[in-house]
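K.L.:
The amino acid sequence is not available; the structure is as follows:
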């Protein structure tokens, strides 16, 4: 574990566990769900990077530029492979400074038939946490690519989520998108909606404006999350009965590699040899007083 700090913020990084974040604290408050001691599963951590694709690829099968690709399932209880390879492998630490840790993951061609280099830089400052993500095609042919970040936030009965989105893609029982619905299908988050207590959400929103605010009135605490282009999809995961939820800035919709729509609709990026996809996520405490 590597710990960094700056001003009121402190972060624990777990490079050996999928490049995950173990904890993020503001003063003595956990902003993300802290990782339990002795955890050996990235799904138990506070956050982890998604590379070189996000969410699911249906049945681990897709065709790209005439190439047929088959991927094994990589998560317990899941019918489809999830989130790429990065979260299932150790990351190599490049550098550590007082408020900054940089790490990389190098993937040789294999089951995913393109070699790539992923980089993640976690920086703390007066304004909070900055997560810089990138993936570079190290092969000699075009590669489909995506990026994302998967934070787990604490859930409370009075919690409110404020964000502006377009439509929501509803999924089947295995998490694969089937149809679009109005953005208010699970609540009007533009006005600070509450997560439904009896309905599970595992769906992706298109047309996200790149900003979200999480409010915990019980603690008079507000956390602002922002993301740069091309992280313009927001995946919301809120299982009923659990003490966490996830708002994941991502570059494309689930199963984008199998969609008939164009990349303009799915968000999928194609990287030429040597080309890089980059994105940035910021988390900052903007107020210790809840909005009325």
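P.N.:
Alright, I've got the coordinates. All values derive from a computational prediction rather than experimental measurement.
K.L.:
before we move on, which element is the residue nearest to residue 235 when sequence neighbours are not counted in?
P.N.:
Leaving aside its chain neighbours, residue 235 sits nearest to residue 248 (4.1 Å; criterion: CB to CB, 6 or more residues apart in numbering). Every residue, glycine included, has its C-beta placed from N, CA and C. If you go by DSSP states H and E, residue 248 is part of strand 244-250.
K.L.:
buried sites along that strand?
P.N.:
By neighbour count on 16 or more other CB atoms under 10 Å, the buried set for strand 244-250 is 245-250.
K.L.:
Including pLDDT, could those go into JSON lines?
P.N.:
Putting these into JSON lines (pLDDT from 0 to 100) gives the following:
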{"residue": "245", "pLDDT": "95"}
{"residue": "246", "pLDDT": "97"}
{"residue": "247", "pLDDT": "97"}
{"residue": "248", "pLDDT": "98"}
{"residue": "249", "pLDDT": "98"}
{"residue": "250", "pLDDT": "98"}
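K.L.:
Now residue 30: phi and psi?
P.N.:
Main-chain dihedrals, residue 30, degrees, to the nearest 10: phi -80, psi 120.
K.L.:
Can you get me a residue count around it?
P.N.:
Residues near residue 30, counting by other CB atoms under 10 Å, number 13.
K.L.:
One more: residue 27?
P.N.:
A count of neighbours around residue 27, defined by other CB under 10 Å, yields 10.
K.L.:
Correct me if wrong: it contacts residue 8.
P.N.:
Yes: counting by CB atoms under 8 Å, residue 8 is a contact partner of residue 27 at 5.2 Å.
K.L.:
Residues that sit against both of the two, list them.
P.N.:
Common neighbours of residue 27 and residue 8 (criterion: CB atoms under 8 Å, 6 or more residues apart in numbering): none identified.
K.L.:
which secondary structure elements does the helix or strand hosting residue 103 contact?
P.N.:
In this assignment (DSSP H and E), residue 103 forms part of strand 100-107. Here strand 100-107 touches strand 2-6, strand 92-97, strand 116-125, going by 3 or more CB pairs under 8 Å, 6 or more residues apart in numbering; DSSP states H and E.
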